[in-house]
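Provide a 3D model corresponding to the input given below.
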Amino acid sequence: MSSFDLRRVRYFVAVAELGSVTRAAAELHVAQPALSHQIRLLEEEVGSELFTRGPQGVRLTELGRTLAEEGRALLANARRLRERLESGRGEPQGNVVIGLSQTIGPALALPLLELAAKRYPRVRVRVREVMSGDIPDLLRAEALDFAFSYAIQAGRGIRTTNVFSEDLFVVGTAQRAKKHFGKPDLREITFGDLARVPLYLSARSNSFREELERIARTRRVKLDVAAEVDSVSIRKEIALGGAGFTILSGASIRREIEAGGIFAARIAQPHLRRRICFARVSVSALSHAAEAVASLVPESLTTLVENDMWPGAMLPVNGIPSLT
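Modelled structure (predicted):
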């Protein structure tokens, strides 16, 4: 290149990871025409096209793939340098962006934000509710510092650590529960009992739905899936509206359980749980501020469990998980 512009490289890597100039512009908070202009300038510098454009977005050329790999390494080195400089400044400061999947956010966001504000007042934390499938690309594009979600695949520059195991509940109205189970106040049902009720579940492409179907096949249980609904909030509204039942985490229905009047029973035989993982890029260190906020997560989770606000258990990784 005739010149060196780290910002332009970061823009290019974001477009490469997300496969779309529009999506990258939104993640980077840059106007789309300005981002397109920066990509064109970079292509002029290297003397070749880096993307092929199409109606479905953009795809890397062979040179683009090479530059994307080198660009990620370059950005990782710059991040490590920034981390070393920040670590000598004492009190953490700066911006931290955390990604939380939609069922985790309502439980974890508030206690974590409150604790971060108390411990690190010079750190500005932004919480983003994101789809689990989008998290790896957002991490690689540096749109997130770290994230908490379910079923994040490690590899391709992403490192994950399981930190929490949460109980899952079949949820509906007390009236429906009395009709199907005979009692409106059962605290636990077996997996086989699920065959007796109409269920509203996420699509089969969802990792939890895949696990649910695997268990059903193994135990020869035929699930009555009334409809597939990907939105957690819509599934909850359907179930609490009396149309049928759904399966949710305890964190998703904490307020409804406290208010009373709903049916929420743990699923046993087998005990149905799912794991929450901490995800970050593996090629670079967290910033000093991000490392500080990440270190507060085990404390926040432990407090939620001890106060019966999130049914589940911490997963020990050499004791309390070390997220950094």
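
Do a quick rundown of the strands in the protein.
Using DSSP state E, the strands of the chain run over 51-54, 57-60, 94-100, 123-129, 146-150, 158-173, 188-190, 198-201, 224-228, 246-249, 262-268, 273-281, 312-314.

where does the chain have low pLDDT?
Low-confidence segments of the chain (pLDDT under 70): 1-4, 79-80, 82-90, 283-285, 317-324.

what's the domain layout of it?
6-86, 92-165+275-314, 166-273 (automatic domain parsing).

Span of the last one from start to end?
This stretch, domain 166-273, spans 5 Å end to end (C-alpha to C-alpha, to the nearest Å).

so of the domains of the chain, which one's packed in deepest?
By mean neighbour count, with neighbours taken as mean count of other C-beta atoms under 10 Å, domain 92-165+275-314 ranks first of those at a mean of 19. To be clear about C-beta, it is placed using only N, CA and C from the backbone, and glycine gets the same treatment.

Just the terminal-to-terminal distance for that domain.
26 Å.

can you give me the helices in the stretch 201-324 of the chain?
207-219, 232-240, 254-259, 288-294, 297-306 (DSSP state H, counting those that start in this stretch).

closest to L186 out of these?
With respect to L186, and counting by C-beta to C-beta, the nearest of these is helix 254-259 at 13.6 Å.

just checking, what packs against the closest one?
Where contact means 3 or more C-beta pairs under 8 Å, 6 or more residues apart in numbering; DSSP states H and E, helix 254-259 is packed against strand 262-268.

about what we covered before: let me have the helices of the stretch 201-324 of the chain in a markdown table, adding distance to D167 as columns.
Formatted as a markdown table, the helices of the stretch 201-324 of the chain follow (distance: least, C-beta to C-beta, whole Å):
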| stretch | distance to D167 |
| --- | --- |
| helix 207-219 | 13 |
| helix 232-240 | 16 |
| helix 254-259 | 12 |
| helix 288-294 | 24 |
| helix 297-306 | 11 |
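
For stretch 146-154, which outside residues touch it?
The contact list for stretch 146-154, computed with C-beta atoms under 8 Å, 6 or more residues apart in numbering, reads 98-101, 104, 108, 130, 132, 135-136, 138-139, 158, 160, 163, 207-208, 274-280, 282, 286, 290, 294, 297, 323.
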